[in-house]
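Novice: Build me a model from this:
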Amino acid sequence: METARGKLGTVADYFGVFGGRFVGETLRPALDQLEEEFALAWADPVFREELDAAGKTFVGRPTPLLYAGNATRAQGGAKIYVKLEGLAQTGAHKINNAMGQALLAKRLGKKRVIAETGAGQHGLASAAACARLGLSCRVYMGSLDMARQHPNVFAMEMLGAEVIPVETGSRTLKDAINAALRDWSANYPGTHYLIGSALGPSPFPEMVRRFQSVVGEETRAQMRETGADFAALVACVGGGSNAIGFFSPFLDQPLPRLIGVEAGGRGDGPGDNAVRMAGAVSRIGVAHGYKSRFLMNGDGQLMPTHSISAGLDYPGIGPQLASLGDSGRLEFTSASDGEALDALRFFARNEGIIFALESAHAAAAALRLARELDPGRALAVNMSGRGDKDIFITAKALDRDNWLSFLESEIAHA
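Specialist: Residues are numbered from 1 along each chain as shown. Below is the predicted model of the structure:
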């Protein structure tokens, strides 16, 4: 087995006992080709230069590391820094991986790209990358997620993507993944499946980590420039692409602390949250082509989940994050729906930045941690996305009457 970090030109299949490639025979040729071609591309200076150029001229890299001085003073405790991935093209970290995989699809000669999406940010990033590179794009999205993330659906379609509602199961991300895998099984010779998180069958977890590692590499350099003593890095964890990218350069060293924040939802009961690592309910199992920790019942069926954020309600976690959690290198905690909303409002009023609901969970945990740390220390939280997409959720939650009145007025004048 390869190690989690991998060698230049090689791809990790397993991370401890997690990972692997649990798929039907029809997909094995596509995954074998993808693994080989990705290894060649990653070792190719021309491909890396093209990726770096796209990052600078299209994605908007590097993104800033903001010292949140007002929030630090209002909160007390350690200095708080925020990695502003919300300033990247399409409003989130997802574009880093989407652009990398779209460039890889073009290198492979594949004209058609499919993707899955939950909160819509990966679908939006995939649509933008495909529009930029002249590739067709189809995005599978649970119909429940489409209803609560309609602004992103509209934007995807503006960018030329075909958005397909998934009506099966819970009508959320896990069902969108199933639909995308079925499409890929039937059409893989001319189609690339652009998975958005660090999960799925090998080589996707390692591939996504490498494309997202730019976030952590930038953060490490920016941390050094501040001269601050960083005790911890904090990131939200759904499937895990923003967290593994943010943490990537620090995995082989004991410090700083690396803290993943899961969706505590509305309570501790089954179906009320999406806590896989910070709780005691998850099981080791296989789903969506890989082995990891999942919220599963005794029959091996994925359990219902809940989060106010459409990007954190996935019942599993990426295999490398599961392995790092089991080893103790990563710490896991959770934040409730209410705590995420409180943190979102706190940073908006004190720093003029509006976190996406997903990364607001990390912000909530960062505020808790800052109070515990000495004022001479610092921490960095990854604002993996900005909150434009969440307007229909946050406005209803924080200003319900005025929001409903506005919507009624819009409907009346339509």
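Novice: Do I have it right that residue 38 meets residue 104?
Specialist: Yes. With contact defined as Cβ atoms under 8 Å, residue 38 reaches residue 104; the gap is 6.2 Å. Backbone N, C-alpha and C define where each C-beta goes, glycine included.
Novice: Now for those two: what residues contact both?
Specialist: Counting by Cβ atoms under 8 Å, 6 or more residues apart in numbering, no residue touches both residue 38 and residue 104.
Novice: Report the backbone C-alpha coordinates of stretch 390-408 in PDB.
Specialist: Extracted as PDB, the C-alpha positions of stretch 390-408 are listed here (Å, rounded to 0.1, in the frame of the first residue of the first chain):
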ATOM      1  CA  ASP A 390     -27.300  30.300   1.900                       C
ATOM      2  CA  ILE A 391     -29.500  33.300   1.700                       C
ATOM      3  CA  PHE A 392     -32.800  31.300   1.600                       C
ATOM      4  CA  ILE A 393     -31.700  29.400   4.700                       C
ATOM      5  CA  THR A 394     -30.000  32.100   6.800                       C
ATOM      6  CA  ALA A 395     -32.500  34.800   6.100                       C
ATOM      7  CA  LYS A 396     -35.400  32.600   7.100                       C
ATOM      8  CA  ALA A 397     -33.600  31.400  10.200                       C
ATOM      9  CA  LEU A 398     -32.300  34.900  11.400                       C
ATOM     10  CA  ASP A 399     -35.000  37.300  10.100                       C
ATOM     11  CA  ARG A 400     -38.000  35.100   9.300                       C
ATOM     12  CA  ASP A 401     -40.900  37.600   9.200                       C
ATOM     13  CA  ASN A 402     -39.100  40.200   7.000                       C
ATOM     14  CA  TRP A 403     -37.800  37.500   4.700                       C
ATOM     15  CA  LEU A 404     -41.200  35.900   4.200                       C
ATOM     16  CA  SER A 405     -42.700  39.300   3.600                       C
ATOM     17  CA  PHE A 406     -40.100  40.000   1.000                       C
ATOM     18  CA  LEU A 407     -40.700  36.700  -0.800                       C
ATOM     19  CA  GLU A 408     -44.500  37.200  -0.700                       C
END
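Novice: what sits up against it?
Specialist: 148, 149, 150, 151, 308, 309, 341, 344, 345, 356, 357, 387.
Novice: Which one (most neighbours) among the residues you listed?
Specialist: Among these, residue 356 has the most neighbours (other Cβ atoms under 10 Å), with 32 neighbours.
Novice: Look at residue 192 and give its secondary structure.
Specialist: strand (DSSP: H, G, I helix; E, B strand; the rest coil).
Novice: hey, what's it bridged with?
Specialist: residue 113 (DSSP bridges).
Novice: Contact partners for it?
Specialist: Applying Cβ under 8 Å, 6+ apart, the residues contacting residue 192 are 34, 101, 104, 105, 108, 110, 112, 113, 114.
Novice: would JSON lines of the residues you listed with neighbour count and pLDDT be doable?
Specialist: Converted to JSON lines, the contacts of residue 192 look like this (neighbours: other Cβ atoms under 10 Å; pLDDT from 0 to 100):
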{"residue": "34", "neighbour count": "24", "pLDDT": "96"}
{"residue": "101", "neighbour count": "26", "pLDDT": "98"}
{"residue": "104", "neighbour count": "22", "pLDDT": "98"}
{"residue": "105", "neighbour count": "23", "pLDDT": "97"}
{"residue": "108", "neighbour count": "15", "pLDDT": "95"}
{"residue": "110", "neighbour count": "20", "pLDDT": "96"}
{"residue": "112", "neighbour count": "16", "pLDDT": "98"}
{"residue": "113", "neighbour count": "25", "pLDDT": "98"}
{"residue": "114", "neighbour count": "25", "pLDDT": "98"}
